[in-house]
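Chemist: Predicted model and sequence follow; I will ask about them next.
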Amino acid sequence: MSTGLSHSNHREYLQAMGIDVWEQRQDRVVPVQIEVSTEPTAIQAEAPLDWASLQQAVTQCTQCELHQSRTQTVFGVGNPNADLLIIGEAPGADEDRQGEPFVGRAGQLLNEMLKAIQLSRNDVYIANILKCRPPDNRDPKPEEAALCSGFLKNQIELIQPKLIMALGRIAAHRLLDTNTSLAKLRGEFHNYTSTNTPLLVTYHPAYLLRSPAEKAKAWQDLLVARKFLSTKS
Ligand code: URA
């Protein structure tokens, strides 16, 4: 029986009703489940995508307005089997240009922070809450973070880190779904509930560049991370 709808209309119609749409993708069939809600929601695949598919999905993403102003998406960098996952806020101008997180001044300080606990960028994985640069370096909007959150969750599912380190207020608030001040969130272990991963919060390196007196506290946080990781390896 013909529905009178084109294939893509038909698909949209089913998705709007929250019905799983099965599509042939190259050599396998995967369910594409669209959540229907008045809140912004990320597209949720039932099983995590593999790295190549996830990278392609990020590159092609047009879920929020940031795709219009980005030079390119900034997926993440480092060891895909890392014990430590570092999560920042969003790409800045340098990252948007180069396609890699934390390559500007804040990135140089992050490299030094990692070196202080005998780690390099290649030992850890580095990603951001947002994969696209917010214009004029404004804060990510909560709805942008919500739309991007499925990508980050998928990355965490693939990496399976032993510890997440959230850099700064925005990353901490989005990952822990809280508005508690960074000062209160520091110094104790939290949990990223989607994957049940331990999470520590520390200052963002860009903040430390502006407030170098706080570097001592960041150093304490790094020592806690190092000690925790040494008990896990
Ligand atoms: N600040 C961030 O939070 N992430 C980057 O990638 C660069 C600067």
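Modeler: Received the coordinates, thanks.

Chemist: In contact with the closest residue to the ligand within the chain, which residues?
Modeler: Residue of the chain nearest the ligand, by Cβ to the nearest ligand atom: G88 (2.9 Å). C-beta: built from backbone N, CA, C; applies to glycine. Residues near G88 by Cβ atoms under 8 Å, 6 or more residues apart in numbering: 101-102, 106, 126-129, 167-168, 171, 204.

Chemist: Going by distance to E157, which of those residues wins?
Modeler: Closest to E157 out of those is A127 (12.5 Å), distances taken as Cβ to Cβ.

Chemist: I'd guessed the closest one sits against Q155; true?
Modeler: Yes: assessed by Cβ atoms under 8 Å, A127 is found in contact with Q155 at 5.7 Å.

Chemist: re earlier: can you tell me which of the contacts of G88 are in helices?
Modeler: Counting by DSSP state H, the contacts of G88 place 106, 168, 171 in helices.

Chemist: Please report how far the closest residue to D123 other than its chain neighbours lies from V124.
Modeler: With Cβ to Cβ, 6 or more residues apart in numbering as the measure, N79 is the residue that lies nearest to D123, at 6.0 Å, once sequence neighbours are left out. Distance, N79 to V124, using Cβ to Cβ, to the nearest Å: 7 Å.

Chemist: who's more crowded, these two?
Modeler: More crowded of N79 and V124, by other Cβ atoms under 10 Å: V124, with 23 against 18.

Chemist: List the contacts of the more buried one.
Modeler: Applying Cβ under 8 Å, 6+ apart, the residues near V124 are 78-79, 82-86, 114.

Chemist: again with Y125
Modeler: Applying Cβ under 8 Å, 6+ apart to Y125 gives the contacts 76-80, 82, 84-86, 155, 159, 161.

Chemist: rerun that using 10 Å as the cut-off
Modeler: Contacts for Y125 were tallied using Cβ atoms under 10 Å, 6 or more residues apart in numbering; they are 76-87, 101, 155-156, 158-159, 161, 164.

Chemist: which parts of this structure sit against the ligand?
Modeler: Residues of the chain lying near the ligand by Cβ under 6 Å from any ligand atom: 88-92, 95, 101-102, 106, 128, 206.

Chemist: Make CSV out of these and add pLDDT.
Modeler: Formatted as CSV, the residues of the chain next to the ligand follow (pLDDT from 0 to 100):
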residue, pLDDT
G88, 98
E89, 98
A90, 98
P91, 98
G92, 97
E95, 98
P101, 98
F102, 98
A106, 98
N128, 98
A206, 98
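
Chemist: So which of the residues you listed are in strands?
Modeler: Mapping these onto strands (DSSP state E) picks out 88, 128.

Chemist: so which of the residues of the chain next to the ligand comes closest to S181?
Modeler: Checking those against S181 by Cβ to Cβ gives E89 as the nearest, at 16.2 Å.

Chemist: I figured that closest one hits C132, correct?
Modeler: No: using Cβ atoms under 10 Å, E89 makes no contact with C132, being 11.9 Å away.

Chemist: can you list the weak-confidence ranges in this structure?
Modeler: 1-46 (pLDDT under 70).

Chemist: where along it do the strands fall?
Modeler: For the chain, the strands defined by DSSP E occupy 21-25, 28-33, 44-45, 77-78, 84-88, 125-128, 163-167, 190-192, 197-202.

Chemist: circling back to that earlier point, list the residues that contact both of A127 and Q155?
Modeler: Listed as contacting both A127 and Q155 by Cβ under 10 Å, 6+ apart are 75-76, 85, 87.

Chemist: Serialize those to CSV and add fields for distance to A213 and neighbour count.
Modeler: Below are those laid out as CSV (distance: Cβ to Cβ, whole Å; neighbours: other Cβ atoms under 10 Å):
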residue, distance to A213, neighbour count
F75, 34, 20
G76, 30, 23
L85, 27, 26
I87, 24, 27
